[in-house]
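**Student:** What follows is a predicted structure for the sequence shown.
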Amino acid sequence: ETLHAYLHALFLRDSAAGAALHDLQPALYARFNPAQLLRFLRESSDYSLARALQVCDRAGLVRESVFILARMGSPAAALERLLDGLGDVAGAVALARDHGDEDLWRALADRCVASPALAKQLLSQVADHAAGALEPAPLVRRLPPGLDVPGLRGDLERLLAVSAERR
């Protein structure tokens, strides 16, 4: 714990000063200060991504794992973690928007239309934030017949209004 406290203070003071020891820090943060781990992961590049991912997976730190997977160039795996581990459609939309990858958008839509709860969240995201490459009409057509999506009528009304404003 003392080592973590020292390295954390050093990192906050001068992130480059302890760069040679950054590979140790994900495990220390996961154990002693998980709330600060994501900040460390974002601000340093002097640690092994694979090792940090293992640490985060063992500790059940999903957001941190998502960040690492995206940094490793595995946005599809990061998308899976967001949806499976957190049910975070807003985070998945942000990930797809940040990567600008049509295949990632398709994977997001495919995953969400299979689940009423996720479909509801995705429709809300598209209506509220004009979510990236997802056009409302094709998304609605992808919903399986008979899928009971709570609040679908209100979401469709908002989607139509947003779609009309875009034109």
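**Tutor:** Thanks, I have the structure now.

**Student:** Now do the helices in this protein.
**Tutor:** Using DSSP state H, the helices of the chain run over 2-13, 25-32, 37-43, 49-59, 62-71, 75-81, 89-99, 102-113, 116-129, 136-142, 152-166.

**Student:** Could you check how far residue 83 is from residue 11?
**Tutor:** 32 Å (Cβ to Cβ, to the nearest Å). (C-beta placed from N, C-alpha, C; glycine too.)

**Student:** how deep is the closest residue to residue 121 other than its chain neighbours tucked in, by neighbour count?
**Tutor:** Distances taken as Cβ to Cβ, 6 or more residues apart in numbering put residue 89 closest to residue 121, at 3.7 Å, once the chain neighbours are dropped. Using other Cβ atoms under 10 Å, the number of residues around residue 89 comes to 24.

**Student:** Hmm, residue 89 is touching residue 125, no?
**Tutor:** Yes: in this structure, residue 89 is within contact of residue 125 by Cβ atoms under 8 Å, at 5.9 Å.

**Student:** shared neighbours of those two, which are they?
**Tutor:** Counting by Cβ atoms under 8 Å, 6 or more residues apart in numbering, residue 89 and residue 125 have no common neighbour.

**Student:** re earlier: which residues are in contact with the residue nearest to residue 121?
**Tutor:** Counting by Cβ under 8 Å, 6+ apart, residue 89 makes contact with 82-83, 112, 118, 121-122, 125.
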